[in-house]
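1. sequence first, then the predicted structure, then my questions.
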Protein chains: 2
Amino acid sequence: MIIPRLTVIGVGLIGGSFAMALRRAGAVGHIVGVDSNRDNLIQALERGIVDEIAEDAVSGVSAADVVFISVPVCAISAVVQSISVALPPGCIVTDGGSVKAAVVSQCDALIPHNCTFVGGHPIAGTEHAGAAAAFPELFSGKRCVLTPGLTSDTNSISIISQLWAAAGADVCCMESGHHDRIFAEISHLPHAVAYALVHAVGTADVEGENVLSYTAGGFKDFTRIASSDPVMWRDIALMNREALLTSIDGFTASLNELRRRIENSDQAGLTEFFTTAKQFRDAIV
Amino acid sequence: MIIPRLTVIGVGLIGGSFAMALRRAGAVGHIVGVDSNRDNLIQALERGIVDEIAEDAVSGVSAADVVFISVPVCAISAVVQSISVALPPGCIVTDGGSVKAAVVSQCDALIPHNCTFVGGHPIAGTEHAGAAAAFPELFSGKRCVLTPGLTSDTNSISIISQLWAAAGADVCCMESGHHDRIFAEISHLPHAVAYALVHAVGTADVEGENVLSYTAGGFKDFTRIASSDPVMWRDIALMNREALLTSIDGFTASLNELRRRIENSDQAGLTEFFTTAKQFRDAIV
């Protein structure tokens, strides 16, 4: 056993799966669940994901060794603020948000001096949400990035690393700003591009015809991520604003270069551009 | 039976599947295959896709009622030019290329006065190529767009429509330029965007780290089309240059608008943008 008592705030797909994975690994003794959605919380209890449910976050964390906050990324610091008075000394608080620099700096300032905060981002998910969708294998073989902050010490980083490893994840540590620049490129930019593409095609005026009616499987696959939750992506875009703007500008430069080669009917240049991109793509499969 | 004799030039995935579908439907009597790849052609014969193989396109078309040209889009007009001396009177020539205005205008000028050309574009495909990948259900329930040219008469359009309908496709007719503007939006633009995205992310410098190593399933799915054949997409980009440039400019305007809202931390504007895009996307599923 790594820790006796874990509290999960937000027992959805990520929080619920984390609890299930840790229980199966024998890594935690007792799990308390907190969720603003009462029905979801009762379901988590009925599924045995948590041992106990708390009426609110303050009462839920009072005996916790580790608190895992798995709520929308812009709500994480507010949760830390609300529980700060109730955290027992030595408690380690961590999160699962997909933007890290803003979260870590906000939480560093809010965490009590006798507790620690360690940022975390498990790279896993499905298109489903809620405790009903949770399963213990979600993190198996997936990466989990930890981004220590000013309050993270060797012990707290070690405990959180051990928990994620017990949940099946491949853990690595990096600076929160570095994390955000990487995920701006590989996750936030693709979402921005997909939303912009569907927006452009959906509003394109081709002699008054609805061009979307001609789309086939390829377009649907390519734009799947534009069906993601708009509020979640608004929050991510705003929380990782600066890195995302830089990534958008890099993408725009690439697209402008491609446009220039098309405009110039540059055969060799187009072959080179498409071949280079294909090599990048094929290398990650 | 719709026609006694069909010649397929380019017996790959599309040409081979067209032949198989028509044979199964009893729509054609005898099928002649032509292909620059001898091994592929022999495979087509062995699989029973064609009844007979011809040494070259000129000998292959000499008794054809309909010639279906399924070769790379920039090679179609050269094939028409090469067979024009050998086409029997009344022969209907059609193609399966994904760009239409340039192909139709080139072929209109090359087709003999006693023959007709009808442009065609079946909206179907798989990631596999060659006669080995052909199967008769490929066009089942898929759209096929016909783009008549100056030489297309009622009879030739009707015959080609009947053939595609017999192959299982849902046939519609439109002006070739209109076709190209629609497919610039829903197919050529997404490919350009995917290639530019992978190019940008692959060349992004995030403190010297290879950010692609952090990509997960979402990025791979989103960028799948950037693994398409670079030469094919170079040709499509050049053949549909003007419409594609217009589509790229429309997309860039959408992305710039999204960028502006992120830069201004415009919460309501971002929610509206993402929600509108999601609605467009969800409507086509």
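-> Alright, I've got the coordinates.
2. center of chain A, which residue is that?
-> The residue lying closest to the centre of chain A (C-alpha atoms, centre = their mean) is residue A:98, at 3.0 Å.
3. any idea how far the helix or strand harbouring residue A:257 is from the chain center?
-> Assigned by DSSP states H and E, residue A:257 belongs to helix A:241-263. With C-alpha atoms, centre = their mean, to the nearest Å as the basis, helix A:241-263 stands 25 Å off its chain's centre.
4. please apply the same query to stretch A:13-27.
-> The chain centre lies 17 Å from the centre of stretch A:13-27; the measure is C-alpha atoms, centre = their mean.
5. burial measure for residue A:275, as a count.
-> Neighbours of residue A:275 under the rule other C-beta atoms under 10 Å in any protein chain shown: 15. Heads up, the C-betas are built off the backbone N, CA and C, glycines and all.
6. what's the spacing between it and chain B?
-> Residue A:275 is 4 Å from chain B, where distance means C-beta to the nearest C-beta, to the nearest Å.
7. tell me the pLDDT at the nearest residue to that residue once chain neighbours are set aside?
-> Nearest residue to residue A:275, sequence neighbours excluded (C-beta to C-beta, 6 or more residues apart in numbering or on different chains): residue B:230, at 4.5 Å. We have a pLDDT of 94 for residue B:230.
8. how about the helices in chain A?
-> Secondary structure of chain A (DSSP state H): helices at A:13-24, A:38-46, A:57-60, A:76-83, A:101-110, A:154-166, A:176-183, A:189-203, A:217-222, A:230-239, A:241-263, A:267-283.
9. follow-up on the earlier one: mind checking how far the residue nearest to residue A:275 is from residue B:251?
-> Separation of residue B:230 from residue B:251 (C-beta to C-beta, to the nearest Å) stands at 20 Å.
10. neighbour count winner among the two?
-> residue B:251 (24 against 20).
11. got a pLDDT number for that one?
-> 98.
12. separation between it and residue B:267?
-> Counting by C-beta to C-beta, the gap from residue B:251 to residue B:267 is 24 Å.
13. same thing with residue A:231?
-> According to C-beta to C-beta, residue A:231 stands 10 Å off from residue B:267.
14. pretty sure residue A:77 contacts residue A:105?
-> No: applying C-beta atoms under 8 Å as the test, residue A:77 and residue A:105 come out as separate, 9.1 Å apart.
15. the two: who's more crowded?
-> Taking other C-beta under 10 Å, residue A:77 and residue A:105 do not tie; residue A:77 has more neighbours (22 against 16).
16. pLDDT value on that one, please?
-> The pLDDT attached to residue A:77 in the predicted structure is 98.
17. enumerate every residue touching the nearest residue to it once chain neighbours are set aside.
-> Residue nearest to residue A:77 in three dimensions, not counting chain neighbours: residue A:106, with 3.7 Å by C-beta to C-beta, 6+ apart. Neighbour list for residue A:106: A:76, A:77, A:80 [criterion: C-beta atoms under 8 Å, 6 or more residues apart in numbering or on different chains].
18. redo that, cut-off 10 Å
-> By C-beta atoms under 10 Å, 6 or more residues apart in numbering or on different chains, the contact set of residue A:106 is A:74, A:76, A:77, A:78, A:80, A:81, A:117, A:149, A:239.
19. likewise for residue A:53?
-> By C-beta under 10 Å, 6+ apart, the residues touching residue A:53 are A:11, A:32, A:33, A:34, A:35, A:38, A:41, A:42, A:44, A:45, A:60.
20. quick check, the last one in contact with residue A:83.
-> Yes: between residue A:60 and residue A:83 a contact is recorded at 8.0 Å, counting by C-beta atoms under 10 Å.
21. who has more neighbours out of these two?
-> A count of neighbours by other C-beta under 10 Å puts residue A:83 above the other of residue A:60 and residue A:83, at 28 against 23.
22. isn't that one right up against residue A:71?
-> No: the criterion here is C-beta under 10 Å, and residue A:83 misses it with residue A:71 at 11.6 Å.
23. shared neighbours, those two?
-> A:9, A:34, A:57.
24. anything in the lowest-mean-pLDDT helix or strand in chain A near chain B?
-> When the helices and strands of chain A are scored by mean pLDDT, DSSP states H and E, helix A:217-222 comes last with a mean of 84. Yes: judged by C-beta under 10 Å from any C-beta of the partner chain, helix A:217-222 and chain B are in contact via A:217, A:218, A:219, A:220, A:221, A:222.
25. so which residues make contact with that helix?
-> With C-beta under 10 Å, 6+ apart as the criterion, helix A:217-222 contacts A:193-194, A:197-198, A:201, A:211-212, A:215, A:227, B:123-126, B:142, B:185-187, B:189-191, B:193-194, B:221-226, B:228, B:281, B:284-285.
26. can we see that at 6 Å?
-> Residues from elsewhere that reach helix A:217-222, judged by C-beta atoms under 6 Å, 6 or more residues apart in numbering or on different chains: B:186, B:190, B:225.
27. for those residues, which one is nearest residue B:51?
-> residue B:225 (35.7 Å; C-beta to C-beta).
28. any idea how many residues pack against the nearest residue to the closest one once chain neighbours are set aside?
-> The spatial neighbour of residue B:225 that comes closest, neighbours along the chain excluded (C-beta to C-beta, 6+ apart), is residue B:194 at 4.7 Å. Counted with other C-beta under 10 Å, the neighbours of residue B:194 add up to 26.
29. who's in contact with residue B:194?
-> For residue B:194, the contact set (C-beta under 6 Å, 6+ apart) comprises B:223, B:225, B:226.
30. ok, now how distant is it from residue A:244?
-> Where residue A:244 is concerned, residue B:194 sits at a distance of 19 Å (C-beta to C-beta).
31. on the pLDDT front, check the residue of the stretch 1-150 of chain A found nearest chain B for me.
-> Of all residues in the stretch 1-150 of chain A, the one sitting closest to chain B is residue A:123 (5.1 Å; C-beta to the nearest C-beta). We have a pLDDT of 93 for residue A:123.
32. quick one: contacts for it?
-> Neighbouring residues of residue A:123 by C-beta under 6 Å, 6+ apart: A:142, A:143, B:216.
33. one more pass at 8 Å, please.
-> By C-beta under 8 Å, 6+ apart, the residues touching residue A:123 are A:142, A:143, A:144, A:145, B:214, B:216.
34. fine, thanks again, bye for now.
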